[in-house]
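# predicted model follows, preceded by the sequence.
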Amino acid sequence: MGKIIIHQERITDYEALTELCPFDAIEVVRRPVNGHDIDLGAGAQGYSLLKALRINENCKVCKLCVKNGPEGVFEFVEEKRPAIDKTQWRGIAVYVDHAEGNIHPVTYELIGKAKAMAAKIQHPVFCVFMGHDIGPQAEKLLAYGVDEVFVYDDEALAHFRIEPYTAAFEDFIAGQKPAIVLVGGTTVGRSLAPRTAARFRTGLTADCTILDVQDNTDLDQIRPAFGGNIMAHIYTPNHRPQFATVRYKIFSAPACELKPHGKITPQHIAREKLHSAIRVLDMQRKQFDRGIEEAEALVVAGRGVGKEENLALVQQLADKLGAQMACTRPLAENGWMDPKRQIGLSGRTVKPKLIITCGVSGAVQFTAGMDGAERIIAINTDPQAPIFKVAHYGLVGDLNEILPHLIKYLQSHGDAVECAA
Amino acid sequence: MKIIVCIKQVPGTSEVAVDPDTGVLKRSGIDSKMNPYDLYAIETALRIKERCDAHVKVLSMGPPQAREVIEEAYWMGADEGVLLSDRKFAGADVLATAFTLSQGIKVGGIPDLIICGKQTTDGDTAQVGPEMAEFLDIPHVTNVNRIVETRPDVLVVDMDLPDSIQTVEVRYPCLITVEKGIYEPRLPSFVRKTETKDRPVPVLKLKDFEDTDEINYGLTGSPTQVRRIFPPAANVEQQIWQDAPEILAKRIYGAMLEEKLI
């Protein structure tokens, strides 16, 4: 943390230095002598306009100018905050995501990751469970080896409303001081986690795909970034707790413990703290459809299918395999397929045994949603398509030509199996 | 009713070159555009304005060039706009960005309603809205996919949860984030473009804010930092085949049989 300052007196060629910045943040300006940002040393007199170099709002503090510029012109000045005492923060806490007490499976996946990291740094694993009449559900969490489940059970928490839920979360964090807080990247999680992180003026990285912990308890928060072409390793070096959200199916659910050892701790919070300016008027349940996340086999249609009619071919393949159909973002956005079937960072994450992508280029925002699949088969006409970097089997060709043959083979296979039965 | 819509200018394309030495992205020279999710936020505000005589102000944080998205909002029908732009805001993560935006809002006074798009196409975090609401100490509702009613003291909206749609009533002042598809955003109008061509985009800097302590802004005010950037891992055990369609079909069928995938 710091800023870049310019030592004007060491500059010889102003215009050339503006080339150093890829963001056009360095500009040549004219300033009065003895004006704000220029110090020409003692003895400078008179009033006239001098050339100067200025860094403007485009600056991303990437420090390329410091690195590549002439010696001593650009300097990065560290601004040290006092370092916090990280030993005061202990524990990895997992927020229990649920709807009317039904625990969302992402919770178990996060508990698994929390336990793996906790083992490295010898910290306990906590759960924070808030709702109404959730006592019996809390027991389920102990089966996954959680050390302590903190339960906030109050009528005011019956439905998700941001203020009472944040208040309960705040109460837990202030009381237990966990080093790390993991929240599922669900609708509720993505609303609650940032609000709570802001309450503690601490950092939060959303949609992490990889998590790990250092010996000093710093959390490695890793996710695809900058258009998806690279992975970014983000960390929260000097704030606690460290928040991260992770979407469903990024991590695997852990096995249950044979002998649960943890305890359930009911928490009490003053009614006034659970006030809210929100009232839930009505709730309409959606029809539960077996989502693509639960499918063992998936066939994905991408832009390469070409015409909407060709989707029928892809559907046929899916039917022959007993697989569900899914799609990429463009096909959801242009209405060819239900957005609930979209795979990717802004869609769903899947981890099937088999996934076959048809005409999908494989941008990182897509592959982040499926690269955990056991077997990936990709069909694309472009041998340079990024999908081939993650596929186990890559078929370079036109899906509209390949699929009819493959469907015939599968059909004859199905017939043979039927006869044998 | 006073409404503020928070908008952002984002890179036009997600294809971004990365400097191999510093790991820093090179964004200069790439077309910029309004964050698509923000179009829905602006449209929501304008629909409410049509219903009940509201004043719509747009607010953005960015370099001077970001004034372009504010002007685009004028052409859609926004009444007023302001750009928060200062070198001291540079390098901000979500917390510092949300704080900066909340300070910018406080300058003109907290409105009845703040509307944000769900997320941006460059950051993709969907965190700024909720964090802003926290700094302004107002309730917030995310994933709004319908404005049910605008009453004098409360707003009634539908919240899109995975298992249900919840209809909630929230008192003003409040903040909502809206989903794509809540409405069909209108196109900028040529008439409005002409009408507003001389309307300025005022700029606010750190010195205009209530909190002028630099430590809360920009890189210094960001609890998260990028430690390093690296290319995504390549997959192991790969086979890539190029052949006639029928041969490819036969080969993959064989492979699937062998691996007991069918």
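The structure has been received and is ready for your questions.
# so what's the backbone phi/psi at the residue nearest to A:Gln324 when sequence neighbours are not counted?
Counting by C-beta to C-beta, 6 or more residues apart in numbering or on different chains, A:Gln324 lies nearest to A:Ala295, which is 4.1 Å off, once chain neighbours are set aside. The way it works is simple: take the backbone N, C-alpha and C, and place the C-beta from them, glycine included. Per-residue torsions, A:Ala295: phi -70, psi 140 (degrees, to the nearest 10).
# count of neighbours near B:Leu187?
Here the number of neighbours of B:Leu187 (other C-beta atoms under 10 Å in any protein chain shown) works out to 9.
# no no, B:Lys207
Residues contacting B:Lys207 under the criterion other C-beta under 10 Å number 8.
# quick one: classify it as helix, strand or coil.
helix (DSSP: H, G, I helix; E, B strand; the rest coil).
# could you measure from it over to chain A?
For B:Lys207, the distance to chain A equals 12 Å [C-beta to the nearest C-beta, to the nearest Å].
# pLDDT score for that residue?
Here, the pLDDT recorded for B:Lys207 equals 96.
# quick check, central residue of chain B?
Nearest residue to the geometric centre of chain B (C-alpha atoms, centre = their mean): B:Thr120, 3.7 Å.
# who's in contact with the residue nearest to A:Gln324?
Taking C-beta atoms under 8 Å, 6 or more residues apart in numbering or on different chains as the criterion, A:Ala295 is in contact with A:Ala323, A:Gln324, A:Val350, A:Pro352.
# equivalent analysis for A:Ala193, please.
A:Tyr95, A:Val181, A:Val183, A:Leu204, A:Ala206, A:Phe243, A:Thr245, B:Gln127.
# could you rerun that using 6 Å?
Neighbouring residues of A:Ala193 by C-beta atoms under 6 Å, 6 or more residues apart in numbering or on different chains: A:Val183, A:Leu204, A:Phe243, A:Thr245.
# ok, the first one touching A:Val96?
This means A:Val183. No: if you go by C-beta atoms under 6 Å, A:Val183 and A:Val96 don't touch, sitting 9.7 Å apart.
# in the stretch 51-200 of chain A, which spans are helices?
A:64-68, A:106-121, A:135-142, A:162-176, A:189-199 (DSSP state H, counting those that start in this stretch).
# the closest residue to the residue nearest to the centre of chain B other than its chain neighbours: neighbouring residues, count only.
Distances taken as C-beta to C-beta, 6+ apart place B:Asn35 nearest to B:Thr120, at 4.6 Å, with adjacent residues excluded. Using other C-beta under 10 Å as the criterion, B:Asn35 is surrounded by 24 other residues.
# how near is B:Asn35 to B:His140?
Using C-beta to C-beta, to the nearest Å, B:Asn35 is found at 19 Å from B:His140.
# just give me the neighbour total for the closest residue to A:Lys177 other than its chain neighbours.
Distance criterion C-beta to C-beta, 6+ apart; nearest residue to A:Lys177, sequence neighbours excluded, is A:Trp89 at 4.9 Å. The number of residues packed near A:Trp89 is 19, by other C-beta under 10 Å.
# A:Trp89 and A:Asn238, how far apart?
Taken as C-beta to C-beta, the span from A:Trp89 to A:Asn238 is 12 Å.
# tell me where the stretch 151-300 of chain A has strands.
A:180-184, A:204-205, A:210-213, A:219-225, A:230-235, A:242-246, A:263-267, A:278-285, A:297-301 (DSSP state E, counting those that start in this stretch).
# so which of the contacts of A:Ala193 are also by chain B?
With C-beta under 6 Å from any C-beta of the partner chain as the criterion, no member of these is in contact with chain B.
# which strand or helix spans A:Gly372?
Taking DSSP states H and E as the definition, one finds A:Gly372 inside no helix or strand.
# once you drop chain neighbours, what's closest to B:Asp53?
In space, B:Asp53 is closest to B:Met1, 7.4 Å off (C-beta to C-beta, 6+ apart).
# residue contacts, A:Val314?
A:Val314 sits in contact with A:Val299, A:Ala301, A:Cys358, where contact means C-beta under 6 Å, 6+ apart.
# of the residues you listed - the most surrounded one?
A:Ala301 (28 neighbours).
# is it correct that that one is in contact with A:Cys327?
Yes: at 5.0 Å, A:Ala301 counts as touching A:Cys327 under the criterion of C-beta under 6 Å.
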